[in-house]
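> predicted model and sequence below, questions to follow.
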Amino acid sequence: MRSLVLVLAALASAGCGEVWNDPYPAAERGQNILYSAFIERPKHLDPVQSYSEDEATFNAQIYEPPLQYHYFKRPYELIPLTADSVPKPIHVDDAGNAVSADSPAIAFSIYEIHIKPGIRYQPHPAFARDSTGSFRYLNLTSEELGRIWTLADFKETATRELTADDYVYQIKRLAHPRLHSPIFGLMSEYIVGLKEFAAALREKDKEFAEAGKRDAWLDLSQIPLAGAEAVDRYTYRIKLKGSYPQFAYWLAMSFFAPVPIEVDRFYAQPGMAEKNLTLDWYPVGTGPYMLVENNPNARMVLARNPNFHGETYPSEGEASDVRSGLLADAGKPIPFVDRIVFSREKEAIPYWSKFLQGYYDASSIPSDSFDQAVRINIEGEANLTPEMEAKGIRLETSVDTSTRYMAFNWLDPVVGGSSERARKLRQAISIAVDWEEFIAIFSNGRGIAAQGPIPPGIFGYREGEAGVDTVVYDWVNGQPRRKSIDVAQKLLAEAGYPDGRDAKTGEPLVLYFDTTSRGPGEKSRLDWYRKQFTRLAIQLEVRDTDYNRFQEKVRKGTGQIFVWGWNADYPDPENFLFLFYGPQAKVKSQGENAANYSNPEYDRLFDRVKTMENGPERQLLIDQMTSILREDAPWSFGIHPKSYGLYHDWVHNLKPNQMARNGMKYRRIEPRRREEERADWNRPVVWPIVLIGAFLALGSMPAIASYRRRERAAGKAA
Amino acid sequence: MGAYILRRLLYAIPILIGVNLFTFALFFVVNTPDDMARLALGIKRVTPEAIEKWKAERGYDKPLLYNDTAEGLDKLSDTIFFAKSAKLFVFDFGPADDKRDIAHEIKTRMWPSLALAIPVFAIGLAVNITFALLVAFFRATYIDFWGVVLCVAMMSISSLFYIIGGQYLISSLWNLVPISGYQAGVDAAKFVVLPVAVGVVSGIGSGTRWYRTIFLEEVGKDYVRTARAKGLAEATVMYRHVLKNALIPILTGAVVVIPALFMGSLVMESFFGIPGLGSYTIDAIQSQDFAVVRSMVFLGSFLYIVGLLLTDISYTLVDPRVRFE
């Protein structure tokens, strides 16, 4: 009993020591490391295949395309990254004569990109050479490869200078027959000769397969691509069909990052892929960080690239950036942080708890914890709760460059088509579906009701009264106010459905809502949709299904009403307006026009707008297109979601940026302060364990006494 | 014994074919190869050509079960089912649909799974048996009554409650261990303490009740009365005689799950961020990766069969009357 008391006392006093719940190795304490988390394991890290946000979190820190977005400026602005300037396209006609940007005679657009000399790749075995100058690891024998399991098993690494050829090689990889570049289809419409190049590669690949060398390396440099060529060591040229001003935005994505030929050849050696030694697993770049640990099941680690060419912190930004001290580090060399550790968190509760314990430097706010973190005041402004403020946590909000909408299938005989009846029905529904209420109930106020397809921050979006959807809203006291349900009912009656019944047949109007929402958690949301339609006396039948069937319905045009969304690829209105372009219709061409909307006038305007430079004329045409959409109402414009990010006060230089994925290099942390806060917040509390132990010990005493009594009784009886 | 084991292993072949066929049917009733391609390729900018290419590269462009355009045996062998199933029988799992090597994943992930599953199993078994013996010892007393009430209460609570409650109390409120995560080697201990504790505690209710029933059946038998009549201490009676004779039903439930421990825990691994085979399977189901799903189901079935075989063998060790006939 005395020893038990001693153990309990020792445990009770243990709370004064170091933290016990630190999930990181002790060696990392106090280091200049940024801690973050990821939910989904990245599918692709090969820059030609990777397209998702999750993957860009890693790739954008490693790969350097020629351009990037200015971290602070709004509207979003392209600036050079490895290029020495943002290229201006030269437009030429069929004969090769230069023509103006607005000339109808434009046959080709030529982008000539000059990259800065002296940029070097991260250390990698593909660059290592032996004493004779030959590549050390490009002709590995099966015996040598037998001793290799990870990239770290290669003893030697080297680097080399970035050249224009590397960019050209990557453009060729878009057409690689053994890879899946999601933008190959799009780019083959623009880059001269890319389709033919792909056909030639397929032919070559087929030859290899027939010769029994299915996995042999395809040397892309041996086949010329008319639309991409290196002019000299630091200059390359891309030739596009027609005019495509949005192409410059693609030059800021990892699809156009450089891939050295040696690296492609290195990973193509027999036996490499079986050991996950691929570019999809071990990226190779020139960026500020390199991937040093790839365990997508648990943890991914980026470390400072020792060969990074250097960059300085931006010295320009918006006035608010100066006020909030975001430019205090202007001119300092970046990156600030030595390592970035991403831990996999599949569940929201541990993620949130670790953030509150100081083990993650930043976090989004899970729905279940929203009230714990944020209070919305009567003006609708989001503020942190006292608990968060006491921890020094900061809240950053931004409206996403995305739109979530309710689509009416244009091919549907009831809600679709350009008839007056269907149009008024769609308008009535657009008024009745109260997205402001949806945001308040289901998104904790995180979003704004959309007035059109283009979200804030993108050229073409209009603030204030000029931007109001006059079909659905009135402008009252400086605010948009949704029209009353009476207006919607009147429109419904004009459509031939007075009181929600077909005027001809007297049958009630029944509409169908296709969704993937299932389970009790989604019931309230579906009930809310039903309620919106009930306000018009329309019966809404919910057809819930799995995601595959849902997609199939959208693809085949058999759905009627559904909710979907779109995230911007780049900050240009074309990237939203093309969602209504007739030739992009989902059923007809498997494009992105999920509502299958078709309006020749809209298409004509789109053809003009898509190639125009931003300016008053473009804005005017966008306004016209938006008016057409509001009148035709192929969508009930839903929500532009808002992102709420929480950050500890030891993290600096944060500004939400919906376009730039390479923002890790700007972040600065105070490791010592973090260490102090962690120690303060995570003191072990041992007394409950002591109490439980004591309770169990006391609780077992009657049983022990009873046992002894029985034993004694049995002894006496014997 | 050798002949018996061989015979049982041969019996396993049709069972595994059946399980494989069943998995295949269930998977492709819900998903088509087109669905799988779309999920893998993402939502944006997916062309029909890209889908066809994705399927062709992974062999999903073939007919599911019967190829009526082929000749002879190829009618059956030139199908998705045959191509994806045949190599499993020599434990060649091939690549996942994302082209990553499944065998490598299994080798890497089995250790975290085992680091969690073995302690949960061993400690859980010891705790459950001890509690059950205790309750059986105090049968028909207030300890027995309240013990059973507590067991029923503990059985009635969802395992998610134990997980979330444990994480909140132990990690968030008392800061005693990390709430989630994993490190290899000795450092794994601090990460598995909480999930092991949760796993053991959440199993006490059902385990204790089950073993109590077995022990109560044994304590009424003549040999126990004889042992007591000889004047043996009650602890000796319970641990040396009752426990030994109750081992057959205990082994039936316990040994069969030993090989399957390797497969990990689907829920616990996800909640505690343990990168084991359980979370691998969940990920594969979510991403509709048939190559991984069929590999894990096959492996699970095989290990279960091995578990049944081990159970039979273990009977002969604890009960000399059992023979391999």
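That came in fine, so what should we check first? Remember, it's a predicted structure, so these values are computed and weren't measured experimentally. Numbers count the residues shown, from 1 in each chain, chains lettered A, B, ... in the order given.
> point out where the stretch 401-550 of chain A drops to low pLDDT.
Along the stretch 401-550 of chain A, the parts satisfying pLDDT under 70 run over A:517-520.
> ok, now which ones touch the closest residue to chain B within it?
The nearest approach of the stretch 401-550 of chain A to chain B comes at A:Asn548, 3.8 Å away (C-beta to the nearest C-beta). Any C-beta I mention is one placed from the backbone N, CA and C, and that applies to glycine too. Residues counted as contacts of A:Asn548 (C-beta atoms under 8 Å, 6 or more residues apart in numbering or on different chains) are B:30-32, B:35, B:38-39.
> just the buried residues of the residues you listed.
Neighbour counting over the contacts of A:Asn548 (16 or more other C-beta atoms under 10 Å in any protein chain shown) leaves B:31-32, B:35, B:38-39 as the buried ones.
> if we can go back for a sec, for the contacts of A:Asn548, work out which two are farthest apart.
B:Val30 and B:Arg38 (13.8 Å; C-beta to C-beta).
> how close does B:Leu73 sit to B:Ala86?
According to C-beta to C-beta, to the nearest Å, B:Leu73 and B:Ala86 sit 12 Å apart.
> please apply the same query to A:Tyr137.
Relative to B:Ala86, A:Tyr137 is positioned 35 Å away (C-beta to C-beta).
> which of the two has more residues huddled nearby?
In this view A:Tyr137 and B:Ala86 are compared by other C-beta atoms under 10 Å in any protein chain shown, and A:Tyr137 has more residues nearby, 23 against 12.
> now B:Ile285, what's its secondary structure?
helix (DSSP: H, G, I helix; E, B strand; the rest coil).
> that one touches B:Arg294, doesn't it?
No - using C-beta atoms under 8 Å, B:Ile285 and B:Arg294 do not qualify as a contacting pair, with a distance of 11.4 Å.
> neighbour count winner among the two?
A count of neighbours by other C-beta under 10 Å puts B:Arg294 above the other of B:Ile285 and B:Arg294, at 23 against 15.
> ok, now how distant is that one from B:Phe22?
From B:Arg294 across to B:Phe22, the span is 11 Å (C-beta to C-beta).
> and the residue of the stretch 51-200 of chain A that's closest to chain B?
A:Gly185 (4.3 Å).
> contacts only, for that residue.
B:45, B:47, B:49-50.
> ok, residue 148 - contacts?
Defaulting to chain A. A:140, A:154, A:275, A:277.
> wait, I meant chain B there
B:135, B:209, B:212.
> what about it, is that helix, strand or coil?
Per three-state DSSP, B:Val148 ends up helix.
> the closest residue to chain B within the stretch 301-450 of chain A: which element?
Chain B sits closest to A:Pro350 of the stretch 301-450 of chain A, with a gap of 3.7 Å, by C-beta to the nearest C-beta. Taking DSSP states H and E as the criterion, the element that holds A:Pro350 is helix A:348-356.
> what residues does that helix touch?
Counting by C-beta under 8 Å, 6+ apart, A:23, A:37, A:345, A:360, A:362-363, A:365-366, A:368-369, A:391, A:646, A:681, B:164, B:167-168, B:171-172, B:179-180, B:271-273 sit against helix A:348-356.
> do stretch B:16-34 as well
Stretch B:16-34 is contacted by residues A:546, A:548, B:51, B:55, B:60-61, B:64-65, B:80-81, B:84-85, B:88-89, B:288, B:290, B:293-294, B:297-298, B:301-302, B:305 when judged by C-beta under 8 Å, 6+ apart.
> now it: mean pLDDT?
If you average the pLDDT over stretch B:16-34, you get 88.
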